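Predicted model and sequence follow; I will ask about them next.
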Amino acid sequence: MLTAALAGALDAHSAVPPHRRRRALAAEVHAFILTNLGDAHLSPDAIAAAHHISLRYLHRLFHDDGHTVAGWIRQRRLQRCRRDLADPRLAAHTISSIAARWGFTSPAHFSQAFRSAYGLSPRQFRRQCATVHAD
């Protein structure tokens, strides 16, 4: 009975076109990354292992969408940091603590990445947002 159920599941899996399986896996991987974004140890190796796929296949999933795994993670982390730095309710939190919350372990690296992405230092961005909220 178990063998028949397993065979049925395998038949159902092979009936799904490969591009849909890839798209579903990519969505699963993206969701996993977003859930674990604050983990400073989140890496392509850890992501591939969690999804039982090779590192090469993981990189191919992202490459097909025009991204790198590390680049996609960094972009999402920067977006979360930017959102938190703009939030007046988080004004008492240091820039370093916000960066650490989203997986940046080096304040200098975070500041450099933020400036590169948004054209302002995190401190300048925060001041600018505070001015807007004060008006």
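That came through, no problem. Small disclaimer: the values here were computed from a predicted structure and weren't measured. Numbers count the residues shown, from 1 in each chain.

And the helices in the chain, which stretches?
With helices called from DSSP state H, the chain shows them at 2-15, 18-35, 44-50, 55-63, 69-86, 95-101, 107-118, 122-134.

Not counting stretch 127-134 itself, show me its contacts.
L85, A86, P88, A91, L120 (Cβ atoms under 8 Å, 6 or more residues apart in numbering). Using the backbone N, CA and C atoms, a C-beta is placed for each residue, glycine as well.

between these, which has the most around it?
Neighbour tally across these (other Cβ atoms under 10 Å): the maximum, 23 neighbours, falls on L85.

correct me, but it touches F125?
Yes - counting by Cβ atoms under 8 Å, F125 is a contact partner of L85 at 5.7 Å.

about what we covered before: would you list the helices of the chain in TSV and tack on mean pLDDT?
Below are the helices of the chain laid out as TSV (pLDDT from 0 to 100):
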stretch	mean pLDDT
helix 2-15	56
helix 18-35	94
helix 44-50	97
helix 55-63	96
helix 69-86	98
helix 95-101	97
helix 107-118	97
helix 122-134	88
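
Find the nearest non-adjacent residue to L61, please.
The shortest distance from L61 to any non-neighbouring residue, by Cβ to Cβ, 6 or more residues apart in numbering, is to A26 (4.9 Å).

Check the gap between the one you found and D64 for me.
As judged by Cβ to Cβ, to the nearest Å, A26 and D64 stand 8 Å apart.

These two: which is more packed in?
Neighbour count, other Cβ under 10 Å: between A26 and D64, A26 has more, with 15 against 12.

Cross-check the contact I'm expecting between the more buried one and D65.
Yes - the pair A26 / D65 is scored as a contact, 7.2 Å apart, by Cβ under 8 Å.
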